[in-house]
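Visitor: Please work out how this folds:
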Amino acid sequence: MIRKLPFMLIALCFLLSCGGDDPLDIKPEDDIKPEQPEKPSEPEEPEDPENPEKPEIQTKRIKTMTVFSEGYFVESNLSYDEKNRISQIKSHIAAHWTHDVIENFSYQNDLILHEIEYNGKTSKNELFLNEQGLIEKIVYPWKDSVFFEYENNYLIKQYYYDSGYIDFYKYKYIDRNLTYWTSGSESESHSYEDVFQVTYTENENKLGISPMLLTDDYRTLFIYHPFEEDLEDFYLYNGFFCFYEGLFGKPSKNLEQSVTEGGESISFEYKFDKDDYPIEITSKYFDDGEYIPDDEESFTVNIEYWED
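Guide: Numbers count the residues shown, from 1 in each chain. I've put the predicted structure just below:
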């Protein structure tokens, strides 16, 4: 091995003495472009593509709502159309006796046909919409009408004519919450108003509801029917559901805490799911500060949502 070393050194010197470019000074040819970076790989499919993780915040739709008190129980089941609008409400009512009611909603541009089926009878109401898609007039089959006015898409007044009187509700808002509303009547010679004060929790009103629309004396939105001899309007919550649907304008930004008029009031307590949507609402009626648990205004609401 040692004997071969001189010959190897001679061969090396011969190669270095040959003409040509410096092998360490190689310039790229003009037509040679740098390699393009590789396209990023497609993201991996989730381990369980049939059950991807849901976003933290999502819009939920009511599937079933039950309201029960000392003297009554109401279960309402909601269905929706392909545009996520309420298409049907099925209500089962257990009070003095049992009732089953079906309400169907048919949407036609600026008109909603509201049909109520009860005890083999049917009644149809017409709900006319303004340019913003809000109810501006309800026409009943007995030809009475109720009118609604809005400001910045908040309901500010509703009224109807009754034997020379104008019966009305007026609404006032502060910081996007309905702070008080008045109920009254006026004619050329007489008028009166009752004032109802509303307070709020710090909880965001993510569902867009108004629990006082589930009460009797503190409810301002009704869609009436002609079956009052057998079926009280109190047990149908179509005004509540149409408000939740956004048909009566924007909701308050926070959930209601209490409503007070004179010495009477109701308060609301809430339980929430993991997404901060209410799943239970408790209404408590107070008369001069005393809680009256067996009053019809004291009740519990349970809400179940459709799963996406």
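Visitor: only C-alpha atoms for contact and neighbour calcs from this point on.
Guide: OK.
Visitor: Which residues does stretch 213-223 contact?
Guide: The contact list for stretch 213-223 (C-alpha atoms under 8 Å, 6 or more residues apart in numbering) reads 169, 212, 233-234, 237-240, 259, 296-297.
Visitor: Quick check, central residue of this protein?
Guide: Among the residues of the chain, the one closest to the centroid is Leu207, at 3.7 Å (C-alpha atoms, centre = their mean).
Visitor: Isn't that residue up against Phe240?
Guide: No. Using C-alpha atoms under 8 Å, Leu207 is not in contact with Phe240, being 11.8 Å away.
Visitor: show me where the chain has helices.
Guide: 5-17, 238-244 (DSSP state H).
Visitor: Check these for me: which has the lowest mean pLDDT.
Guide: Among those, helix 5-17 has the lowest mean pLDDT, at a mean of 39.
Visitor: Could you find the closest non-adjacent residue to Gln197?
Guide: Closest residue to Gln197 apart from its sequence neighbours, by C-alpha to C-alpha, 6 or more residues apart in numbering: Tyr180 at 4.5 Å.
Visitor: count of neighbours near that neighbour?
Guide: 18 (other C-alpha atoms under 10 Å).
Visitor: List the contacts of it.
Guide: Applying C-alpha under 8 Å, 6+ apart to Tyr180 gives the contacts 171-173, 195-198.
Visitor: Check the spacing between it and Glu202 real quick.
Guide: Note on Tyr180: its distance to Glu202, by C-alpha to C-alpha, to the nearest Å, is 17 Å.
Visitor: Can you give me the distance of the residue nearest to Gln197 to Val198?
Guide: In terms of C-alpha to C-alpha, Tyr180 sits 5 Å off from Val198.
Visitor: do the same with Glu103
Guide: Remark: distance between Glu103 and Val198 (C-alpha to C-alpha) = 30 Å.
Visitor: do the same with Leu127
Guide: Leu127 sits 28 Å away from Val198, taking C-alpha to C-alpha as the criterion.
Visitor: Between the two, which has more neighbouring residues?
Guide: More crowded of Leu127 and Val198, by other C-alpha under 10 Å: Leu127, with 23 against 20.
Visitor: Pass me the low-pLDDT residue ranges in the stretch 201-308 of the chain, would you?
Guide: Within the stretch 201-308 of the chain, the segments meeting pLDDT under 70 span 308.
Visitor: Hmm, Arg61 and Ile303 touching each other?
Guide: No. Counting by C-alpha under 8 Å, Ile303 does not reach Arg61; the two are 9.9 Å apart.
Visitor: between those two, who's got more neighbours?
Guide: Arg61 (21 against 18).
Visitor: show me what contacts that one?
Guide: By C-alpha under 8 Å, 6+ apart, the neighbours of Arg61 are 305-306.
Visitor: With the one 10 residues further on instead?
Guide: Counting by C-alpha under 8 Å, 6+ apart, Gly71 touches 95-96, 294, 296.
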